[in-house]
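In: After the sequence you'll find the predicted model.
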Amino acid sequence: MSEKSGDTPADARNVLDERICRLICPIASAMVGVCMTGIGVLRVASTMHARQTFADDLLSVDAVTFLLATLSSYFALRVQSHARLHWLERIADGTFILSMVLLTIACFVITYSLGG
């Protein structure tokens, strides 16, 4: 990977951070929709099977954490301060990973509570 004239390692790191935020923002916002769809499907399935599960609550919390990831990555793209960019980018990373873990846990809860 060749560096352009005037590019420093710090500039390359800032570009990388911006790329990460540009990836997190649309993916996390789409995952909010996935969580909302999951809540709706889960409500229908639990009504049909007459079983209650806390997976819809877990998906609701998950949608909020995906929203936090979306907003923090969006604002990281909008700020001019490099320190604030890195701070918001770390928040976006952390909340995105947490959200994915919560979504996986919700999938297990749904699978084992409604299956069978």
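Out: Cool, the structure landed. Numbering: from 1, shown residues only.

In: On the three-state scheme, Gln52 is what?
Out: coil (DSSP: H, G, I helix; E, B strand; the rest coil).

In: Which residue comes closest to it once chain neighbours are left out?
Out: Ser46 (6.2 Å; C-beta to C-beta, 6 or more residues apart in numbering). In short, each C-beta sits where N, CA and C put it, glycine included.

In: tell me which element the one you found is part of?
Out: helix 9-49 (DSSP states H and E).

In: same check, this time on Phe96
Out: Counting by DSSP H and E, Phe96 is part of helix 82-114.

In: Which elements pack onto that helix?
Out: Counting by 3 or more C-beta pairs under 8 Å, 6 or more residues apart in numbering; DSSP states H and E, the packing neighbours recorded for helix 82-114 are helix 9-49, helix 55-78.

In: need the helix or strand of this structure with the lowest average pLDDT.
Out: Lowest mean confidence among the helices and strands of the chain (mean pLDDT, DSSP states H and E): helix 9-49, at a mean of 74.

In: got the angle for that helix vs helix 82-114?
Out: Orientation check (axes from the mean of the first three to the mean of the last three C-alpha atoms, to 10 degrees): helix 9-49 against helix 82-114 gives 20 degrees.

In: coming back round to it: and for the residue nearest to Gln52, the neighbour number?
Out: Neighbour count for Ser46, taken as other C-beta atoms under 10 Å: 17.

In: Might one say that it is in contact with Thr53?
Out: Yes: between Ser46 and Thr53 there is a contact under C-beta atoms under 8 Å: 6.1 Å.

In: So the closest residue to Ser60 other than its chain neighbours versus Val79, what's the distance?
Out: The shortest distance from Ser60 to any non-neighbouring residue, by C-beta to C-beta, 6+ apart, is to Ile39 (6.5 Å). Distance from Ile39 to Val79, counting by C-beta to C-beta, to the nearest Å: 32 Å.
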